[in-house]
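S.K.: Predicted model and sequence follow; I will ask about them next.
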Amino acid sequence: MILFSNAKINLGLEVVRQRQDGYRDIESVFCPVDFCDVLESHENPQGEDELIVSGLAIPGDPRQNLCFKALKALRKRVDVPPQRIHLLKAIPMGAGLGGGSADAAFLIKGLNEKYKFGLSKAECVTVAAEVGSDCPFFIYNVPALVTGRGEHIEPIELDLGQTHVLIALPGIHVDTAQAYAHTQPMPPKTGVAEAIRLPLTEWKKHLRNRFEEHAFSLHPEIGKIKEAMYDAGAVYASMTGSGSAVIGLFAHRTPAVNFGGGVTSVAARPLGAK
């Protein structure tokens, strides 16, 4: 079983209120893009789950990887044989692109299909929600308005025309928990759901990422990348997620942009948008 688990970008990201359970309610549009990790999984004759990673290194205890958490959540409902998972990691961690969440969600969907467990999409979403806040989105994997702590997903029609996406990767890990801790909830003047319906040329004025202020104060180079996107002709540019990746939307083609030392970039296309 070989899966291509794709990243997502955020088009606007508001933190609108503090919840009693300690989480924050957000409002954002998630859009999948064709920048992928590669995930291969098959039964492990050694009788235990195993994760082998190549490509980008993943720090920390491998047993804490979201793929292991996906297996644990899935086994509460169905009998999953021990898996040997090979992960070719291309989507960087701590960049706001949802790579780890995508890997977990695609593994849930892939195993459900491979073993014919018969779980519905709604049941897969429930499993994914136990793994992480962004995971349910990747079960749908279409442009969607995402609210709550990420568990409320409303697929939307998103007209991006022939828009091209440039993703700049500064190689900086932004801690999500710290980003939330330094961002005060505040209802926006123009909600994401309203702003996304405006012409693309208006997004710059109305569609914002609330995490930029904290990220730019810690890492001014991220803010400079956003400025470089606009200097290169982007119609809209923003940090994605809690950072540190910055996206630029271009009307015709993705230009070659020199962001400075240590920054790589990836050209991508939106998935599921018109």
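M.R.: That came in fine, so what should we check first? Numbering: from 1, shown residues only.

S.K.: Might you list the low-confidence residue ranges for this protein?
M.R.: Along the chain, segments meeting pLDDT under 70 span 22.

S.K.: Backbone dihedrals for Q18, please?
M.R.: When read as degrees, to the nearest 10, the backbone of Q18 gives phi -90, psi 130.

S.K.: same thing with L56?
M.R.: phi -70, psi 140.

S.K.: and it, how far is that from V38?
M.R.: Distance of L56 to V38, computed by CB to CB, to the nearest Å: 12 Å. C-beta here means a position set from N, CA and C on the backbone, and glycine is covered the same way.

S.K.: tell me, what's touching those two both at once?
M.R.: Here L56 and V38 share the contacting residues A90, scored by CB atoms under 8 Å, 6 or more residues apart in numbering.

S.K.: longest helix anywhere in this protein?
M.R.: helix 99-114 (DSSP state H).

S.K.: Show me what that one is packed against.
M.R.: strand 2-18, strand 24-43, helix 66-75, strand 83-89, helix 121-131, helix 135-140 (3 or more CB pairs under 8 Å, 6 or more residues apart in numbering; DSSP states H and E).

S.K.: Restrict that helix to CA atoms and write it as PDB.
M.R.: Output in PDB follows, covering the C-alpha atoms of helix 99-114 (Å, rounded to 0.1, in the frame of the first residue of the first chain):
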ATOM      1  CA  GLY A  99       2.300  16.900   7.000                       C
ATOM      2  CA  GLY A 100       2.100  14.700  10.100                       C
ATOM      3  CA  SER A 101      -1.600  15.000  10.300                       C
ATOM      4  CA  ALA A 102      -1.900  14.100   6.600                       C
ATOM      5  CA  ASP A 103       0.300  11.000   7.100                       C
ATOM      6  CA  ALA A 104      -2.000   9.800   9.900                       C
ATOM      7  CA  ALA A 105      -5.200  10.500   8.100                       C
ATOM      8  CA  PHE A 106      -4.100   8.800   4.900                       C
ATOM      9  CA  LEU A 107      -3.000   5.800   6.900                       C
ATOM     10  CA  ILE A 108      -6.400   5.500   8.400                       C
ATOM     11  CA  LYS A 109      -8.100   5.800   5.000                       C
ATOM     12  CA  GLY A 110      -5.600   3.500   3.300                       C
ATOM     13  CA  LEU A 111      -5.900   0.700   5.900                       C
ATOM     14  CA  ASN A 112      -9.700   1.000   5.900                       C
ATOM     15  CA  GLU A 113      -9.700   0.400   2.200                       C
ATOM     16  CA  LYS A 114      -7.000  -2.200   2.100                       C
END
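
S.K.: any idea how far it is from the chain center?
M.R.: 14 Å (CA atoms, centre = their mean, to the nearest Å).
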